[in-house]
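Participant: return atomic coordinates for the entry below.
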Amino acid sequence: MPHISFPSPLGHLTVIEEDGAIVALDWGQKSGGAATALLVRARAQIDGYFSHKINAFDLPLQPKVSAFQARVLRVMQEIPYGKTKSYGDLAGWVGSSARAVGGACGANPIPIIIPCHRVIAKTGDLGGYSGLGGTRTKKQLLVHEGADLGELPIDS
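Facilitator: Numbers count the residues shown, from 1 in each chain. This is a model prediction of the structure:
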């Protein structure tokens, strides 16, 4: 599958394309791969996100997930830049449980672009994060976006 690896403030990222859509964003560097026009565009948008030039992605996405997970990911994409919603909020929107939404967040194959980092516990705790660095990375992304984290320590 075509992919492109590049450095970011979170370390190397690899974006993977299949059939004209982004299917995954992984932490780490993969060798080889072909930089298609879509992958170059994805990299430019990710670079723009990290340099505060854009706050929304405009890319064709095709995450390989279940129908339920796809519903959760679609709702997740509606959370505005710099804002957070709780797992319970999303559960109410998709007619499920907060635990099931948490599972869908953890299964998100396109983090950052599909902003699972914007989903936190109703108590204000961060919950989990499947990306490299776990909740530390989740906090970095939320701080980058200027999200209100209340009393939550930045380095915990």
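
Participant: contact partners for the residue of the chain most remote from its centre?
Facilitator: For the chain, the largest distance from the centre (C-alpha atoms, centre = their mean) belongs to Gly32, which lies 24.0 Å off. Applying C-beta atoms under 8 Å, 6 or more residues apart in numbering, we find Gly32 in contact with His3. In this view, the C-beta of every residue, glycine as well, is placed from N, C-alpha and C.

Participant: now do Ile120
Facilitator: Contacts of Ile120 (C-beta under 8 Å, 6+ apart): 84-87, 126-127.

Participant: let's see the PyMOL selection covering just the buried ones among those residues.
Facilitator: Listed next is the PyMOL selection for buried residues among the contacts of Ile120, using 16 or more other C-beta atoms under 10 Å:
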select buried, resi 84+85+86+87+126+127
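
Participant: and the contacts of Ile120, which is closest to Ala21?
Facilitator: Of all those, Ala21 sits closest to Lys85, with 25.0 Å by C-beta to C-beta.

Participant: grab the nearest non-local neighbour of that closest one.
Facilitator: Among residues not flanking Lys85 along the chain, Ile79 sits closest, at 5.2 Å (C-beta to C-beta, 6 or more residues apart in numbering).

Participant: can you verify Gly48 is assigned to a helix?
Facilitator: Yes. Counting by DSSP: H, G, I helix; E, B strand; the rest coil, Gly48 is found in a helix.

Participant: re earlier: so the residue farthest from the centre of the chain is in which element?
Facilitator: Taking DSSP states H and E as the definition, Gly32 sits outside all helices and strands.

Participant: relative to Leu25, how far out is it?
Facilitator: 17 Å (C-beta to C-beta, to the nearest Å).

Participant: likewise Ile54?
Facilitator: For Ile54, the distance to Leu25 - C-beta to C-beta - is 16 Å.

Participant: between these two, point out the one with more neighbours.
Facilitator: Leu25 (22 against 15; other C-beta atoms under 10 Å).

Participant: could you say which helix or strand contains that one?
Facilitator: With DSSP H and E as the test, Leu25 turns up in strand 21-27.

Participant: kind regards, and thank you for your time.
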